[in-house]
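In: Dropping the sequence and predicted coords here.
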Amino acid sequence: MKASWNGTVIAESDDTVVMDGNHYFPADSLKREYITFSNHRTTSSKGQASYYSLLVNGELKADAAWYYPDPNPDAESIKGRVAFGNGIKVEA
């Protein structure tokens, strides 16, 4: 699977976990040069999500990716993984 935005691949892995319709990529598959900090947090049935923003070709996409540092037990399979929001193309 590949995740891309603004014409650039930002993550690539053949080891994704699908949960709630989202592909969760291993954190080490992210191309860190495009990942930037976000203060955004949300809470869901999976636990508290933290976010990353993307900076690609001079364009910022705020809060474009999320991860669960300490997911609830029923979401343990996505620990150490990152998913992408609207506008990020995820495809095989």
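Out: Received it, and whenever you're ready, just let me know what you need. Residues are numbered from 1 along each chain as shown.
In: which residues in the chain form strands?
Out: With strands called from DSSP state E, the chain shows them at 2-5, 8-12, 17-19, 22-26, 35-44, 47-56, 59-67, 81-84, 89-91.
In: what's the most buried one of those?
Out: Of all the strands of the chain, strand 81-84 has the most neighbours on average by mean count of other C-beta atoms under 10 Å, namely a mean of 24. Using the backbone N, CA and C atoms, a C-beta is placed for each residue, glycine as well.
In: if we can go back for a sec, the strands of the chain: which one's closest to residue 73?
Out: Smallest distance to residue 73 across the strands of the chain (C-beta to C-beta): 9.4 Å, for strand 47-56.
In: ok, the residue lying closest to residue 3 once chain neighbours are set aside - contacts?
Out: Excluding its sequence neighbours, the residue lying closest to residue 3 (C-beta to C-beta, 6 or more residues apart in numbering) is residue 11, at 4.3 Å. Applying C-beta atoms under 8 Å, 6 or more residues apart in numbering, we find residue 11 in contact with 2-3, 25, 29-31, 82, 84.
In: any idea which of those residues is closest to residue 91?
Out: Closest approach between these and residue 91, by C-beta to C-beta: residue 2, at 6.0 Å.
In: residue contacts, the residue lying closest to the closest one once chain neighbours are set aside?
Out: In this structure, residue 2 finds its nearest non-sequential neighbour in residue 12, 4.9 Å apart by C-beta to C-beta, 6+ apart. By C-beta under 8 Å, 6+ apart, residue 12 lies in contact with 1-3, 25, 29.
In: Next one: the residue nearest to residue 85 when sequence neighbours are not counted relative to residue 89, how far apart?
Out: Closest residue in space to residue 85, ignoring its immediate chain neighbours: residue 64 at 5.5 Å, by C-beta to C-beta, 6+ apart. According to C-beta to C-beta, to the nearest Å, residue 64 stands 12 Å off from residue 89.
In: again, but for residue 45
Out: 26 Å.
In: wouldn't residue 4 be in contact with residue 64 here?
Out: No - using C-beta atoms under 8 Å, residue 4 is not in contact with residue 64; the gap is 11.4 Å.
In: what do these two both touch?
Out: Residues touching both residue 4 and residue 64 (C-beta under 8 Å, 6+ apart) are residue 88.
In: Perfect, that will be all.
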